[in-house]
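> need the 3D shape of this:
(one chain, ligands or ions: 1)
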Amino acid sequence: MALDIDFVRAQFPAFAEPSLQGQAFFENAGGSYTCRQVIDRLTRFYTQRKVQPYASYDASRLGGEEMDEARVRMAALLGVETDELSFGPSTTQNTYVLAQAVRKWMQPGEAIVVTDQDHEANSGPWRRLAEDGIEIREWRIDPESGHLDPEQLENLLDEKVRLVCFPHCSNVVGEINPVTEITAIAHAAGAFVCVDGVSYAPHGFSDVGALGPDIYLFSSYKTYGPHQGCMVIRRALGEMLPNQGHYFNGDVLYKRFTPAGPDHAQIAACAGMADYVDALCDHHGGPVDGAAARGAFVHDLMREQETALLQPLLDAVKERNSVRLLGPDRAELRAPTVALSLDRPAQPVAAELAQYGIMADGGDFYAVRPLAGMGVDPARGVFRMSFTHYTSKAEIDLLIEALDRVL
Ligand SMILES: Cc1ncc(COP(=O)(O)O)c(C=O)c1O
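Next up is the predicted model:
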């Protein structure tokens, strides 16, 4: 069954917002619109439960229950145990905290593999461990295509490597990396795996349990939710890494790597993302049982819709002389996050496109290393168009027409 786009768009108040009419939103990789299920929960928390949670009076008890519900339901959707999911302020803050734990866990002379395909959030924090004598090995992208070759990873692995960090999908290359295959290679060499899922998760939540990594990170402000960093840490690794929170919370897995006081309202509102997935699943006649199976059904609906809309956009840009398309030109290999290197700085081009109702941007998108790795001057930047399942065909047509005028 195809995605019912009218139903989908009716779940997002932004599409009915007068000040946003006549414009097409193509900066979803920066942050998505928020679904009404999340907005409703956030509003309810702020109006009815804005007290310290987990006490026995009603407002507090209900607030705590909603925070627990968010963890229970999102963990089930992701195919992991409830306490293997924690909420931090952002993915970047989560990786900096994790890197502090790893810093204490590893010995000088041991090694970490990082890529030059990652957003800085899954790169810089790990590279800083060199200050403590940890060897940093860089798994490099192909300078032409931006592709990460799993075979090259095998050459970097030996008994010294404790952790391999890579993206599910880069925020400028867009290619979907084979997480399960790469994880198996790393695990066979005795290393743990940390996957940045930020650029992939908006296109459908993964069954992280089945996918296989030890750490999987994404940012809910890009997956139709509130501004949180969601972090799956599988038990075996999470219990081995030293606790980064208060000492008396160390036996609670989901508190070990989120030292900041939690944002109660936003955590509670994360349950709205599960509501949204449920609404899509039920509307389209998906499976009745099993949160991960329902999530997989919705994931496939989203991917199918996005892939169909993405190919015409790729076809419209790939042959232009003034444009270098980063990453694959076949929709099935990539997310709909399309970065173009141009013959001029990207930001003024985005400004020109704004006059035709295109909401997008140019810059380095904190992917300075990937751009440099592909020979793109980060100061000139790339023009990036990113969309999701809620984007309509009419919006893609508007974008292609605007590109025809400006490029
Ligand atoms: C691929 C990728 N990883 C990590 C991040 C960082 O996420 P956060 O803003 O939650 O720190 C981003 C943000 O744009 C991203 O695109």
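> quick one: secondary structure of residue 182?
helix (DSSP: H, G, I helix; E, B strand; the rest coil).
> what's the neighbour count on it?
Counted with other Cβ atoms under 10 Å, residues neighbouring residue 182 total 21. No exception for glycine: its C-beta is placed from N, CA and C like everyone else's.
> and for residue 64?
Here the number of neighbours of residue 64 (other Cβ under 10 Å) works out to 19.
> does it count as helix, strand or coil?
Of the three states, residue 64 takes helix under three-state DSSP.
> contacting residues around it?
Applying Cβ atoms under 8 Å, 6 or more residues apart in numbering, we find residue 64 in contact with 53-55.
> got it, and residue 232?
Residue 232 sits next to 75, 78, 80, 84-85, 208, 213, 215-217 when contact means Cβ under 8 Å, 6+ apart.
> helices along the stretch 151-300 of the chain, start to end?
Shown for the stretch 151-300 of the chain, the helices assigned by DSSP state H, counting those that start in this stretch span residues 179-188, 208-211, 235-240, 264-269, 271-283, 291-318.
> helices or strands up against the first one?
Applying 3 or more Cβ pairs under 8 Å, 6 or more residues apart in numbering; DSSP states H and E, we find helix 179-188 packed against helix 150-156, strand 161-167, strand 192-196, helix 208-211.
> equivalent analysis for the fifth one, please.
On a contact count with 3+ Cβ pairs under 8 Å, 6+ apart, helix 271-283 meets helix 5-10, helix 36-48, helix 58-77, helix 291-318.
> mind putting the ones you listed into a markdown table with mean pLDDT?
Converted to a markdown table, the helices and strands packed on helix 271-283 look like this (pLDDT from 0 to 100):
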| stretch | mean pLDDT |
| --- | --- |
| helix 5-10 | 98 |
| helix 36-48 | 98 |
| helix 58-77 | 98 |
| helix 291-318 | 97 |
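> of these, which is nearest residue 367?
With Cβ to Cβ, the closest approach to residue 367 among the helices and strands packed on helix 271-283 belongs to helix 291-318: 18.5 Å.
> for the ligand, what are the nearby residues on the stretch 101-250 of the chain?
Within the stretch 101-250 of the chain, the residues that sit near the ligand (Cβ under 6 Å from any ligand atom) are 119, 121, 167, 171, 196, 198-199, 219, 229.
> if we go to 5 Å?
Proximity of the stretch 101-250 of the chain to the ligand, by Cβ under 5 Å from any ligand atom, involves residues 119, 121, 171, 196, 198-199, 219, 229.
> got the helices and strands packed on helix 271-283 as JSON lines, with distance to residue 400 columns?
Conversion of these to JSON lines gives the following (distance: least, Cβ to Cβ, whole Å):
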{"stretch": "helix 5-10", "distance to residue 400": "18"}
{"stretch": "helix 36-48", "distance to residue 400": "29"}
{"stretch": "helix 58-77", "distance to residue 400": "34"}
{"stretch": "helix 291-318", "distance to residue 400": "5"}
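> can you lay out these as JSON lines showing distance to the ligand?
Shown next, in JSON lines, are these (distance: least, Cβ to the nearest ligand atom, whole Å):
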{"stretch": "helix 5-10", "distance to the ligand": "23"}
{"stretch": "helix 36-48", "distance to the ligand": "16"}
{"stretch": "helix 58-77", "distance to the ligand": "16"}
{"stretch": "helix 291-318", "distance to the ligand": "17"}
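> next, the buried residues of stretch 65-81.
For stretch 65-81, a neighbour-count test (16 or more other Cβ atoms under 10 Å) marks 66-80 as buried.
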